[in-house]
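# Give me a 3D structure for the following:
(2 chains)
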Amino acid sequence: MNDASEIYDVVVIGAGVVGCAIARELARYRLRCALLDAADDVGTGTSKANTAILHTGFDAKPGTTEARLVRRGHALLGAYAENAGIALERTGALLVAWDDAQLAELPRIAHDARRNGYDAIRDVCAEELYRREPALCPGARAALEIPDESIICPFTTPLAFATQAVINGVALFLDAPLTVAARIDGGLWRLHTPRATLLARHVVNAAGLRADEVDRLFGHTLFTVTPRRGELIVFDKLARPLVSHIVLQVPTKVSKGVLVSPTVFGNVMLGPTADDIDDKSATGSTAAGIEALLRRGRAIMPRLLEEEVTAIYVGLRAATEHGDYQLRFEAEQRYVCAGGIRSTGLTASMAIAEEVVAGLSDMGLRLEPASEFRTVHMPALGEASPRPWCDRERIGVDPEYGRVVCHCERVSRGEILAALASPVPARTLDGVRRRTRALLGRCQGFFCLAQVAEMVATTTGESVEALLRVPRMDE
Amino acid sequence: MPATTDVLVIGGGPAGLAAAIELRRLGVARVTVVERERELGGIPRHADHIGFGLRDLRRLLTGPAYARRYADGARAAGAELLSETTAAEWLGATAVRLASPRGVEDVEARAIILATGCRERPRSARLVPGDRAAGILTTGSLQQLVHLHGRGVGRRAVVVGAEHVSFSAVLTLAHAGVRTEAMITEHPRHQTYAPFKWLSATRLRVPILTAHRLARIEGRARVSAVDLIDLRSGAARRLECDTVVFTGDWIPDHELARRSGMAMDASTHAPRVDGALRTSVRGVFGAGNLLHAAETADVAALGGRHAARRAALFLRDGRWPATPPVAILCAPPVQWVSPSAVLPDDPPQQRRFRWRVLQVRRNAVASVSQGELILWRRHYVSLVPSLPLTAPAHWIDAVDPSGPPLQFTID
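Just a heads-up that it's a prediction; the model follows:
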């Protein structure tokens, strides 16, 4: 599959959730497609560090591309998740007003939701709010209920798309950042990466934070991505009984505000912050950000702060100077740009994919259904469905599924071995983390780091030291 | 695996294994120990240095030899030892669901001893900002990589903490060829005994930066530096390193206990137990570093023995207090007191309470009071965080079992 002379009908640049969804959508047809990413795995950028919410789009700006695609994507991904085994919990959201000014905003928010085609939003009085969320800080005035806001696994979603793309024939190139794109004879694109040079009839840019840079390689200067840093604090699973819904704040001009939400892994998330920065690789957390989150968290749900913190994440959203997605079809170039897709990209991914593929068809790409479109069923990572460690039948067939390696997340040796042997296999410790939850728990590797590293090393042929990036003597 | 047993011991570290050995010695017929790791022995398995066994075995052993001795002892005593077995869920008063390669099994015991131990708070729980780079470890993960798997871990390390285990981490780093650039503690002095400090940091010429806080970790793929703040002057400084080891700052592995709904103590973060190590659930006892995170392994083992004696007594006479014990409450600068409750006739193991402070104090008076009544007080020349402190238990007979909670204070 590394054959440079092979001509791909479509090459998708960027294997985040959007690029993977596009590759999966293309895999339905008799096409030769490739999916490229600069990183060593799929879903390593914005896709891995976000609020993990399946949005209804109730609060989107009416009339925008984002509003339309989020709404459509909610339905598509909701249905797909059920079939593909992506953890999803339909918790619903409560948007809380804490003072008079916020109370006065609620009717406008409900009105906009209806303009966005979302009619299920309803008023909740303070008494009902506290009955449903008793751990909320006293003082809330009222709330809106958005019953269809849901929580979803952000790790499994791009992996399911990529896996389905790969088992249906899409070639996946990792460690392959695009360096040069050149138009050659016959209108083909020659795409240079350090790993391979590919020839493509059509190109889709789904490069997330780097979508503006890729767009420039194709001669366009229509937008600039300014990363918006979002810091998130994940609390211990013992906090999970404190909160049942996604608890939202009344949005301001700059941000949707800090939310408190259960996660499908059974934790509670607090965040995100929103700071525009200029470094696309600055995924470090900050003292100011952590402090601001804890202050907000204390004001929303004081008891949450009594629990231990399991993890602190930083995600960079691909914000641009425009208020909307940058979805552009350059017919003459046979080039599609799917850029400027912010934190709603997880929800909208399948709808974006539909629209991109329809646009490619309009450009002349022939869409002939493949003889077969194989489905996927991903390992269930959510706490709402039974996990392998408690699955008697499965352990009966393969005892490795009863051999718990990661105690905090109850991940068995069988699951880790399966992740290392899957169609889009884990090659790194982070890859194992996102496929199995191992190492993501409260002890952060105190008990199982060494053992998991040995398993990855044995399978990949890398040394444990290389996996842990231990500097060599000569460095 | 039987569906019933006399005593189910949850956790196969020093406390759990010592409990199992003692239960068998006292003639309890069926004793089952479940351990989630592959090997029995707990944390000492990978603490590969001398210093174990002084109070419980009256000899000095290395951690791995000590762990082996207890595992062999429990086996020889006739306890049923189930490794790779997780006590996954609490099913009823003394019934637990187990998960293992054998499948899912429910076991009903006449008594349970919870000895699930403790772990170090990792970087995230300490809210240390900065990059998420490779090379950030706890002593636990460091010692497993080095002593159980023989792996290299880095070249230049910074050790966060200056308590016993921090010096143990320095020894492990040296063994793995890693230079420790500095140990950092927010306290004004280190928190270990002089001989251990000498054996480790002094001999290896590791500077101990007291009154310093780790402000940030930097590094994209691998740790490249840490930013420190001098708490005395407010000055910032930067230290290049490729490894950061977070040591100590223990928290009990109390998740099973909390999910069972038993009464918890806010200071120890552990089940509230009386002198007999009884929890609030009839037939369930606690032992070891679950109750006092963290004491040395020998103290944990002695606690296991104590819990075993009381559990064996309970199996014989079936007696359990009708009223809850009187809680011992404390507030900073007292970190915790263990056991965290008393009943007049049940002294704790070795007739001592164990306690800790959060700050260095000089010339302080510790006292226990119930309402207006002062039950005990003592002058201390020096109180140091992480170092074991004990208080005698002679005063417990004066406790009014129907009175208000006890207050443990220092001033």
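# which ones are touching residue 7?
In the absence of a named chain, chain A is used. Counting by CB atoms under 8 Å, 6 or more residues apart in numbering or on different chains, A:Ile7 touches A:32, A:188, A:199-201. Glycine gets a C-beta too; all of them are placed from N, C-alpha and C.
# nope, chain B please
Each residue near B:Val7 by CB under 8 Å, 6+ apart is listed here: B:19-20, B:23, B:28, B:30-32, B:109-113, B:308, B:311, B:315.
# Any regions of the stretch 1-150 of chain A where pLDDT drops low?
Applying pLDDT under 70 to the stretch 1-150 of chain A picks out residues A:1-5.
# Now do the helices in it.
Taking DSSP state H, counting those that start in this stretch to define them, one finds helices in the stretch 1-150 of chain A at A:17-26, A:65-84, A:100-115, A:126-132.
# contacts for the second one?
Read it as helix A:65-84. Helix A:65-84 is contacted by residues A:54-57, A:60-61, A:86-88, A:116-118, A:148, A:150, A:152, A:156-157, A:160, A:164, A:324-325, A:327, A:342, A:344, A:346-352, A:354-355, A:375-378 when judged by CB under 8 Å, 6+ apart.
# The residues you listed, buried ones only, as a ChimeraX selection?
To isolate the buried subset of the contacts of helix A:65-84 in ChimeraX, counting by 16 or more other CB atoms under 10 Å in any protein chain shown, use the following:
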select /A:54,55,56,57,60,86,87,88,116,118,148,150,152,156,157,160,164,324,325,327,342,344,346,347,348,349,350,351,352,354,355,376,378
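# sorry, back to before: show me which of the contacts of B:Val7 are buried.
Buried residues within the contacts of B:Val7, counting neighbours by 16+ other CB under 10 Å: B:19-20, B:23, B:28, B:30-32, B:109-113, B:308, B:311, B:315.
# Restricted to helices, list these.
Applying DSSP state H to those, the entries found in helices are B:19-20, B:23, B:308, B:311, B:315.
# Just flag the most distant two among those residues.
B:Ala20 and B:Leu315 (14.0 Å; CB to CB).
# what about B:Ala74, which SS state?
Here B:Ala74 is recorded as helix under DSSP: H, G, I helix; E, B strand; the rest coil.
# Is it in contact with B:Glu22, as I believe?
No. Assessed by CB atoms under 8 Å, B:Ala74 is found out of contact with B:Glu22, at 10.0 Å.
# Settle it for me: which of those two has more neighbours?
Under the neighbour definition other CB atoms under 10 Å in any protein chain shown, B:Ala74 and B:Glu22 were set side by side, and B:Ala74 has more, 27 against 22.
# Check the contacts of A:Ile7 and tell me the two furthest apart.
Taking CB to CB, no two of the contacts of A:Ile7 sit farther apart than A:Arg32 and A:Leu188, at 12.8 Å.
# remind me which residues of the stretch 151-300 of chain B are low pLDDT?
Counting by pLDDT under 70, the stretch 151-300 of chain B contains no low-confidence segment.
# Any figure for the gap between the closest residue to B:Arg356 other than its chain neighbours and B:Gln370?
Nearest residue to B:Arg356, sequence neighbours excluded (CB to CB, 6 or more residues apart in numbering or on different chains): B:Gln335, at 4.1 Å. Plainly put, B:Gln335 is 21 Å away from B:Gln370 if you go by CB to CB, to the nearest Å.
# which bits of the stretch 1-150 of chain B sit near chain A?
With CB under 8 Å from any CB of the partner chain as the criterion, the stretch 1-150 of chain B comes near chain A at residues B:36-37, B:84, B:86, B:88, B:97, B:99-104, B:119-125, B:127, B:129-135, B:137-138, B:140-141, B:144-145, B:148-149.
# Beta-bridge partners for B:Met264, please?
Applying DSSP bridges to B:Met264 yields these beta-bridge partners: B:Pro271.
# List the contacts of it.
B:254, B:257-258, B:270-272.
# I'd like to know which of the residues you listed are buried.
By neighbour count, with 16+ other CB under 10 Å, these hold B:254, B:257-258, B:270-272 as buried.
# Just give me the closest of these to chain A.
B:Arg258 (5.8 Å; CB to the nearest CB).
# Please, which helix or strand holds the closest one?
Counting by DSSP states H and E, the element that carries B:Arg258 is helix B:255-260.
# That helix near chain A at all?
Yes. Contact of helix B:255-260 with chain A (CB under 8 Å from any CB) involves B:255, B:258-259.
# just how off-centre is that helix within its chain?
Counting by CA atoms, centre = their mean, to the nearest Å, helix B:255-260 is centred 17 Å from the centre of its parent chain.
# Could you do stretch B:338-350 as well?
For stretch B:338-350, the distance to the chain centre is 18 Å (CA atoms, centre = their mean).
# How about stretch B:167-179?
Distance of stretch B:167-179 from the chain centroid (CA atoms, centre = their mean) equals 22 Å.
# what does that stretch rub up against?
For stretch B:167-179, contacts defined as CB under 8 Å, 6+ apart pick out B:47-49, B:139, B:142-143, B:145-147, B:151-157, B:159, B:161, B:180, B:183, B:192, B:196-197, B:199-201, B:204, B:206, B:243, B:245, B:247.
# List buried residues within the residues you listed.
Buried members of the contacts of stretch B:167-179, counted by 16+ other CB under 10 Å: B:47-49, B:139, B:142-143, B:145-147, B:151-157, B:159, B:161, B:180, B:183, B:192, B:196-197, B:199-201, B:206, B:243, B:245, B:247.
# so what's A:Leu316 up against?
Neighbour list for A:Leu316: A:45-46, A:49, A:209, A:227-230, A:277, A:280, A:282-283 [criterion: CB under 8 Å, 6+ apart].
# Apply 7 Å and report the result again.
A:46, A:209, A:227-229, A:280, A:283 (CB atoms under 7 Å, 6 or more residues apart in numbering or on different chains).
# In a markdown table, list these along with neighbour count and distance to chain B.
Shown next, in a markdown table, are those (neighbours: other CB atoms under 10 Å in any protein chain shown; distance: CB to the nearest CB, whole Å):
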| residue | neighbour count | distance to chain B |
| --- | --- | --- |
| A:Thr46 | 25 | 15 |
| A:Leu209 | 20 | 15 |
| A:Pro227 | 22 | 15 |
| A:Arg228 | 22 | 18 |
| A:Arg229 | 21 | 12 |
| A:Lys280 | 17 | 12 |
| A:Thr283 | 19 | 7 |
